[in-house]
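Trainee: Structure for this input, please:
(one chain, ligands or ions: 1)
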Amino acid sequence: MDVIEAVKKRKSIRGYKPVPVPKEVLEQILEVASHAPSAMNTQPWEFTVLTGDVLENVRRSNVELLHSGAPPSPEHVVVSWPTDSIYRQRQVNLAKQLFQLMDIPREDKGKRARWLERGFRYFDAPTVIIISTDRCLSESGPLLDIGAVIQTICLTALHFGLGTCIEDQGTMYPEVLRKYAHIPESKRIIMAITIGYPDWDFPANKVETEREPIKNITTWLGFD
Ligand SMILES: Cc1cc2nc3c(=O)[nH]c(=O)nc-3n(C[C@H](O)[C@H](O)[C@H](O)COP(=O)(O)O)c2cc1C
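Mentor: Reported below is the predicted structural model:
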């Protein structure tokens, strides 16, 4: 698969086959992804890879906290969007597409709650990669580098027939990850990536997200 094909083929996968991903494959993906660029080659990322009973405990505990009404306490800045902005509009468009595919009517609170819960279960993926960074680093500094390694993981996964979803939601209860994944307080938990073999019959996997045309977001200077 060439680079352009991989970049265009990658999409967020929110339904997986119940098939384990071999550890050797995950190791190869992380080794390849570790070639991602970082500021001054600082490589400010660490991976914790979860499967089996550990992941089941995390899923169960996340859902328990969600149902208890515990407020999420993410350890990195989760962006928010002004309600009248194009960013909010894009978010709404995505939600509408996903809810339509999943047959979740706007007023069906039960189905909406089950969809939310699915995210806290990491879409039942067989494996989850948690990315953390050292707290000795500044809060926002490593985020650019981590973005680069995350995209590299997602692209490399395609080579092995695997799908991924980058997932903020999976780090909303860091205390759960600290308890079951043994991530110490000295590390800031940044992001989860769900990873597994895509279930192409799962409706949400058919979503085709839109992109703003380049002409609307690019200024060209000195070309004439
Ligand atoms: C930083 C970040 C956080 C995300 N968090 C979530 C999430 O919590 N839940 C989810 O379903 N998708 C999440 N996504 C996936 C985005 O919704 C998805 O990338 C976007 O809609 C574009 O669709 P595509 O990945 O299929 O191209 C996240 C993506 C990024 C980059």
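Trainee: Model confidence for the residue most central in space within the chain, exactly?
Mentor: The chain has residue 166 as the residue nearest its centroid, 1.3 Å off, counting by Cα atoms, centre = their mean. At residue 166, the predicted lDDT confidence score is 98.
Trainee: who touches it in this structure?
Mentor: Applying Cβ atoms under 8 Å, 6 or more residues apart in numbering to residue 166 gives the contacts 12, 150, 154, 191, 192, 193. Placement of C-beta: from N, CA and C, glycine included.
Trainee: Quick check: phi and psi on the fifth one?
Mentor: Here is the backbone geometry of residue 192 (degrees, to the nearest 10): phi -110, psi 150.
Trainee: picking that back up, could you restrict the contacts of residue 166 to the ones contacting the ligand?
Mentor: For the ligand, the contacts drawn from the contacts of residue 166 by Cβ under 6 Å from any ligand atom are residue 12.
Trainee: Mind checking which of the contacts of residue 166 are in strands?
Mentor: Judged by DSSP state E, the subset of the contacts of residue 166 located in strands is 191, 192, 193.
Trainee: Mind putting these into a markdown table with pLDDT?
Mentor: Shown next, in a markdown table, are the ones in strands among the contacts of residue 166 (pLDDT from 0 to 100):
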| residue | pLDDT |
| --- | --- |
| 191 | 97 |
| 192 | 98 |
| 193 | 98 |
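Trainee: Could you single out the nearest of these to residue 114?
Mentor: Closest approach to residue 114 among the ones in strands among the contacts of residue 166 (Cβ to Cβ): residue 192, at 19.5 Å.
Trainee: Count the residues that sit near the closest residue to that closest one other than its chain neighbours.
Mentor: Spatial nearest neighbour of residue 192, chain neighbours left out: residue 170 (2.9 Å); criterion: Cβ to Cβ, 6 or more residues apart in numbering. Residue 170 has 28 neighbours, counted by other Cβ atoms under 10 Å.
Trainee: Ok, residue 148 next?
Mentor: Considering only other Cβ under 10 Å, residue 148 is surrounded by 15 other residues.
Trainee: and which of the contacts of residue 166 is nearest to the ligand?
Mentor: residue 12 (3.6 Å; Cβ to the nearest ligand atom).
Trainee: And for that closest one, nearest residue in space, chain neighbours not counted?
Mentor: Here the residue nearest residue 12, using Cβ to Cβ, 6+ apart, is residue 165, at 4.3 Å.
Trainee: can you give me phi and psi for the residue nearest to residue 192?
Mentor: Per degrees, to the nearest 10, the backbone of residue 170 is at phi -70, psi 0.
Trainee: Hmm, it is touching residue 125, no?
Mentor: No: in this structure, residue 170 is not within contact of residue 125 by Cβ atoms under 8 Å, at 9.4 Å.
Trainee: Overlap in contacts, the two.
Mentor: Common contacts of residue 170 and residue 125 (Cβ under 8 Å, 6+ apart): residue 194.
Trainee: Any chance you could note which residues of this protein sit beside the ligand?
Mentor: Neighbours of the ligand within the chain, by Cβ under 6 Å from any ligand atom: 11, 12, 14, 94, 119, 165, 166, 167, 168, 169, 209.
Trainee: List the residues that contact the first one.
Mentor: With Cβ under 8 Å, 6+ apart as the criterion, the residues that contact residue 11 are 163, 205, 207, 208, 209.
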